[in-house]
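build me a model from this:
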Amino acid sequence: MAYASKDLSVLAYANGFTLWHYSTIDLALVVDTTGYFNSAADMLRIGDIIIANVNTAVAPGGGMFLVNANLAGVVDVADMTRIGAVDTD
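Have a look, this model is predicted:
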């Protein structure tokens with residue numbers, strides 16, 4: 001699948017920083033691909049954080065992506081930092 005603007009929402013904004021939420025059936029490694037968020041380049045700034053629910057149709061996971069580049073409309077995010085990756089019970 002590809003980026004869907006309807007699935008990206010602002011959670012908080014302060015001091016030039018935005019905390020976003022994004023939900024997708026895509027795997028984290030797909031979302032992490034340079035250019036995935038290009039359609040949102042006019043909204044995303046370097047340093048913004050995207051809390052994401054990924055792979056929602058098969059094996060849901062969650063984590064955070066840091067927007068680490070946005071130059072000439074090309075957006076890149078750092079690899080996802082997983083949240084709740086281990087469940088021992």
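
what's the closest non-adjacent residue to Val77?
Phe65 (3.9 Å; CB to CB, 6 or more residues apart in numbering). Heads up, the C-betas are built off the backbone N, CA and C, glycines and all.

ramachandran coordinates for that neighbour?
phi -110, psi 140 (degrees, to the nearest 10).

partner residues bridging it?
Ile50 (DSSP bridges).

and Gly63, how far from Asp42?
Using CB to CB, to the nearest Å, Gly63 is found at 24 Å from Asp42.

does Arg82 touch Pro60 like I think?
No: with contact defined as CB atoms under 8 Å, Arg82 does not reach Pro60; the gap is 11.8 Å.

more crowded one of Gly63 and Asp42?
Gly63 (18 against 10; other CB atoms under 10 Å).

for Asp32, what are its contacts?
65, 77-80 (CB atoms under 8 Å, 6 or more residues apart in numbering).

swap the cut-off to 6 Å and go again
Applying CB atoms under 6 Å, 6 or more residues apart in numbering to Asp32 gives the contacts 77, 79.

now it: how far from Ala52?
Applying CB to CB, the value for Asp32 to Ala52 is 10 Å.

repeat for Arg45
In terms of CB to CB, Arg45 sits 17 Å off from Ala52.

quick one, which of these two is more surrounded?
Ala52 (26 against 13).

now do that one, the pLDDT please.
In this model, Ala52 is scored at 98, pLDDT.

wait, it sits on Tyr22?
Yes: with contacts counted by CB atoms under 6 Å, Ala52 reaches Tyr22, the gap being 4.6 Å.

what lies in contact with the lowest-mean-pLDDT helix or strand in the chain?
Across the helices and strands of the chain, mean confidence by mean pLDDT, DSSP states H and E is lowest for strand 81-82: a mean of 94. Under the criterion CB under 6 Å, 6+ apart, residues 63-64 lie in contact with strand 81-82.
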